[in-house]
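Engineer: Turn this into a model:
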Amino acid sequence: MSTRNISLNFMLTILFFVIVDVYVYFAYKKSIEKHKYRKTINVLYYISVITGYIGLYFLYSNFKEKPLNATLIPNLFIGFFFSFFVFKLILIIFFLLEDIVRFLSLIYLGLKNLLTKKNAKVAIPERRKFIRQTGLALAALPFASMLYGITKGKYNFKINKITLNYKNLPRSFNGFKIVQISDIHSGSFDSKEAILEGIDLVNKQNPDVILFTGDLVNNDSREIEPYLNDFKNLKAQHGVYSVLGNHDYGDYKKWSSDQEKRKNMDLLFDYQNEMNFQLLNNANSIISRNGESIGIVGVENWGNTPFPQKGDLDEAIKGLDNIPFKVLLSHDPTHWAKKVLPHKSHFDLTLSGHTHGMQFGIEIPGFKWSPIKYIYPQWADLYQKSGEYLYVNRGFGFLGFPGRAGIMPEITVIELNHIS
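Structural biologist: Down below sits the predicted model:
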């Protein structure tokens, strides 16, 4: 895409947001014209609009230049842009629906006058106060949640613990503790202190093994450089295993040559090795205890188009014919339903990530929802089918929206138990 086309697209994007702001402004201005604090409300709205456009500029700059590492101030502006846009979008839904009703009412009254041959003045009805207040209240909830998400929520790591029981688990592995992390996205981080706290939380779980399910970086392998020694401090009795996610291939950055892109991939392999991550590219490793063994299987990314489909289960399980229990690492949960379940081999537990839970949604006891569920049927937590389990981790980091609203970053602790 040429610079001219990028600039044109950016200008069209700006025009779209200007239209949104103009519509919202005139809709809400009429609603507050008698409010005693209308001047203060107007000033706050103007400041919010300006702040939002600064955030849009930073977002555009990041998309165009793809910086290696994020910083706090641009992230806050970008986060405010997303938050304020969602706020306006909800208001627009309410205002637009009411405007449609008002317009239809105007047509109805005009036709009524015409049919009854009256000369009564016809005016468009005023917006109803109840509709305005309902719209504002509903828009304020995600707005406040997203503001929290860009300041505190994105590093509010949650530890989710589950226990899984298996008859075919070797007795020596009873109580075996897996800690899963996923979607680090190191290029998005803007607080090293927060990342150190997250790593410390992982180590405090005393894992037998740590399994990382892909997306170490956003676009460029060098993004992980400031955090190499930090993630090197992850400790588990049987080490750290990892697989690649769709972002790890460097497909979302324009490279000067195929050779440069290949060099970036080689660099990622070197960094995984430097962090003591054992990368399983369509490969496996056997963990043994007291003469009994389980297999840790890893595949490259496999997802629906346009995501890479490099995962090869047949290649990954070579040499595991006599291993009674297998844990599969596969970044994209789509792989589970499309390829893992139909496969001739039985995978007792598959671990995935990729969805981030969209970093936006609702999670309360007994209920969880995110818009991502309409794209990925398996988007967070535990799923079971045909005697096989899938766990989808919500992600350690974040991407795009520099925050988390309702869907917090996750460290998963899975205890495996043998049952007779």
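Engineer: residue ranges of the strands in the stretch 51-200 of the chain, please?
Structural biologist: Taking DSSP state E, counting those that start in this stretch to define them, one finds strands in the stretch 51-200 of the chain at 158-166, 176-181.
Engineer: deepest of those, which one?
Structural biologist: Of all these, strand 176-181 carries the top mean neighbour count, a mean of 24, counting by mean count of other C-beta atoms under 10 Å. Placement of C-beta: from N, CA and C, glycine included.
Engineer: which helices and strands sit right next to that one?
Structural biologist: strand 209-212, strand 410-418 (3 or more C-beta pairs under 8 Å, 6 or more residues apart in numbering; DSSP states H and E).
Engineer: most packed of the ones you listed?
Structural biologist: Comparing these by mean neighbour count (mean count of other C-beta under 10 Å), strand 209-212 ranks first with a mean of 26.
Engineer: What is that strand packed up against?
Structural biologist: Under the contact criterion of 3+ C-beta pairs under 8 Å, 6+ apart, strand 209-212 touches strand 176-181, strand 240-242, strand 326-329.
Engineer: could I get the ones you listed as a markdown table with mean pLDDT and distance to R289?
Structural biologist: Shown next, in a markdown table, are the helices and strands packed on strand 209-212 (pLDDT from 0 to 100; distance: least, C-beta to C-beta, whole Å):
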| stretch | mean pLDDT | distance to R289 |
| --- | --- | --- |
| strand 176-181 | 98 | 8 |
| strand 240-242 | 98 | 16 |
| strand 326-329 | 98 | 14 |
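Engineer: and P402, which of those strands is closest to it?
Structural biologist: Evaluated with C-beta to C-beta, the helices and strands packed on strand 209-212 place strand 176-181 nearest to P402, the distance being 18.9 Å.
Engineer: still on that earlier bit, now the helices and strands packed on strand 176-181 as JSON lines including distance to Q259 and mean pLDDT?
Structural biologist: Below are the helices and strands packed on strand 176-181 laid out as JSON lines (distance: least, C-beta to C-beta, whole Å; pLDDT from 0 to 100):
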{"stretch": "strand 209-212", "distance to Q259": "28", "mean pLDDT": "98"}
{"stretch": "strand 410-418", "distance to Q259": "37", "mean pLDDT": "98"}
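Engineer: In JSON lines: the ones you listed, plus distance to K158.
Structural biologist: Shown next, in JSON lines, are those (distance: least, C-beta to C-beta, whole Å):
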{"stretch": "strand 209-212", "distance to K158": "17"}
{"stretch": "strand 410-418", "distance to K158": "6"}
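Engineer: I'd like to know which of the ones you listed is closest to Y60.
Structural biologist: strand 410-418 (29.9 Å).
Engineer: can I get the CA coordinates of that closest one in CSV?
Structural biologist: Provided in CSV are the C-alpha atoms of strand 410-418 (Å, rounded to 0.1, in the frame of the first residue of the first chain):
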residue,chain,number,x,y,z
GLU,A,410,-4.5,-14.7,33.1
ILE,A,411,-2.1,-17.1,34.7
THR,A,412,-3.6,-20.6,34.6
VAL,A,413,-2.8,-23.3,37.1
ILE,A,414,-3.9,-26.8,36.1
GLU,A,415,-3.4,-29.7,38.5
LEU,A,416,-3.5,-33.2,37.0
ASN,A,417,-4.9,-36.0,39.2
HIS,A,418,-4.8,-39.7,38.7
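Engineer: Can you tell me what sits against that strand?
Structural biologist: 157-167, 169-171, 173-182, 198, 201-202, 205, 207, 349, 351, 391, 393-396 (C-beta atoms under 8 Å, 6 or more residues apart in numbering).
Engineer: Partner strands of that strand and their direction?
Structural biologist: Paired with strand 410-418 in the same sheet, following DSSP bridges, are strand 158-166 (parallel), strand 176-181 (antiparallel).
Engineer: Quick one: distance of it to the chain centre.
Structural biologist: 22 Å (C-alpha atoms, centre = their mean, to the nearest Å).
Engineer: Which residue, other than its chain neighbours, is closest to the residue nearest the centre of the chain?
Structural biologist: Among the residues of the chain, the one closest to the centroid is H356, at 3.0 Å (C-alpha atoms, centre = their mean). Spatially, and ignoring its direct neighbours in sequence, H356 is nearest to G395 (4.3 Å; C-beta to C-beta, 6 or more residues apart in numbering).
Engineer: wait, what's in contact with that neighbour?
Structural biologist: Contacts of G395 by C-beta under 8 Å, 6+ apart are S182, D183, H185, D215, G353, T355, H356, G357, Q359, P409, E410.
Engineer: ditto for V24
Structural biologist: Residues near V24 by C-beta under 8 Å, 6+ apart: K88, L91, I92, F95.
Engineer: So the last one versus F84, what's the distance?
Structural biologist: Here the distance between F95 and F84 works out to 16 Å (C-beta to C-beta, to the nearest Å).
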